[in-house]
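[1] show me the folded form of this:
(one chain, ligands or ions: 3)
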Amino acid sequence: PGAEYGYRDEIAAVLLSEQDLRAKVRELAVAVAADHDVDTPPLLVCVLKGAVMFLTDFVRAMPIPTELEFMAVTSYGSATTSSGVVRILKDLDRDITGRRIIIVEDIIDSGLTLSWLLKNLASRNPAAIDVVALLRKPEAVKVDVDVRYVGFDLPNEFVVGYGLDYAERYRDLPYVGLLGEHMYR
Ligand code: PRP
Ligand code: MN
Ligand code: MG
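    Ligands and ions are numbered 1, 2, ... in the order given. I've put the predicted structure just below:
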């Protein structure tokens, strides 16, 4: 896999196909919409860059209006494990006081990014904050963050694609794949 997109011998296997992702994203969109009111659109905060593919598919599957904001944070750089130090690369463009916020994340691994983000956004006095994460790794249970909507629980393997990168590569794959071990060992 991957060769059809110009990645040769880099992706060991497809973990979640385009069809798997499409079905799950629809399911999540319907579940989140059911908890919200058509007349008070939630403000979705997409966590760049990883969540961009998920966000764009997710909002288009939502049967209620939503508004969009983007925040760019990073804790990884080009490493395969989280440094734990979260930096804001791009902040929100507006005040979120009194708004219902939904943080849209691609993956929760150590949970450090999300727990930092929840504290940061909570300090801006929104009406409520929920989290929708497409993927979650086993380590995430160690951090006490309340994630209301989760797509898939994954084994502890290095996954890329559908927004997820390794050193900025592979985000453009339309599926979630397992990165070949020789790529990072
Ligand atoms: C990745 C991923 C999540 C976060 C999860 O982002 O997109 O945001 O790490 O890891 P954690 O639970 O261990 O904190 P990254 O910092 O690599 O930035 P990116 O989204 O631009 O790739
Ligand atoms: Mn990210
Ligand atoms: Mg990354």
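
[2] and residue 72, how many residues sit next to it?
    For residue 72, the neighbour count with other Cβ atoms under 10 Å is 14. All C-beta atoms are positioned from the backbone trio N, CA, C, and that covers glycine.

[3] ok, it - contacts?
    47, 48, 49, 88, 89, 90 (Cβ atoms under 8 Å, 6 or more residues apart in numbering).

[4] please see if the helix or strand encompassing it touches ligand 3.
    Assigned by DSSP states H and E, residue 72 belongs to strand 67-74. No - shown here: strand 67-74 not in contact with ligand 3 (Cβ under 5 Å from the ion), separated by at least 6.8 Å.

[5] quick check: phi and psi on the residue nearest the centre of the chain?
    The centroid of the chain falls nearest to residue 106 when counting by Cα atoms, centre = their mean (1.6 Å). Dihedral pair for residue 106: phi -80, psi -40, per degrees, to the nearest 10.

[6] let me know the distance separating it from residue 38.
    27 Å (Cβ to Cβ, to the nearest Å).

[7] in a helix, that's where residue 59 is, yeah?
    Yes - counting by DSSP: H, G, I helix; E, B strand; the rest coil, residue 59 falls inside a helix.

[8] return the alpha-carbon coordinates of stretch 107-122 using PDB.
    What follows is stretch 107-122, C-alpha atoms only, in PDB (Å, rounded to 0.1, in the frame of the first residue of the first chain):
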ATOM      1  CA  ILE A 107      -5.600  11.200  17.500                       C
ATOM      2  CA  ILE A 108      -5.100  11.100  21.200                       C
ATOM      3  CA  ASP A 109      -1.800   9.300  21.900                       C
ATOM      4  CA  SER A 110      -0.200  10.400  25.300                       C
ATOM      5  CA  GLY A 111      -3.100  12.700  25.800                       C
ATOM      6  CA  LEU A 112      -0.800  15.600  26.600                       C
ATOM      7  CA  THR A 113      -1.900  17.800  23.700                       C
ATOM      8  CA  LEU A 114      -5.500  17.400  24.500                       C
ATOM      9  CA  SER A 115      -5.200  17.900  28.200                       C
ATOM     10  CA  TRP A 116      -3.200  21.100  27.600                       C
ATOM     11  CA  LEU A 117      -5.700  22.300  25.000                       C
ATOM     12  CA  LEU A 118      -8.700  21.600  27.300                       C
ATOM     13  CA  LYS A 119      -7.200  23.700  30.100                       C
ATOM     14  CA  ASN A 120      -6.200  26.500  27.700                       C
ATOM     15  CA  LEU A 121      -9.600  26.800  26.100                       C
ATOM     16  CA  ALA A 122     -11.500  26.400  29.400                       C
END
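
[9] is there proximity between it and ligand 3?
    No - for stretch 107-122, no contact with ligand 3 is found by Cβ under 5 Å from the ion; the gap never falls below 8.9 Å.

[10] which residue comes closest to the closest residue to ligand 1 within the chain once chain neighbours are left out?
    Nearest to ligand 1, among the residues of the chain, is residue 50, at 2.6 Å (Cβ to the nearest ligand atom). Excluding the flanking residues, the one nearest residue 50 by Cβ to Cβ, 6 or more residues apart in numbering is residue 106, at 3.9 Å.
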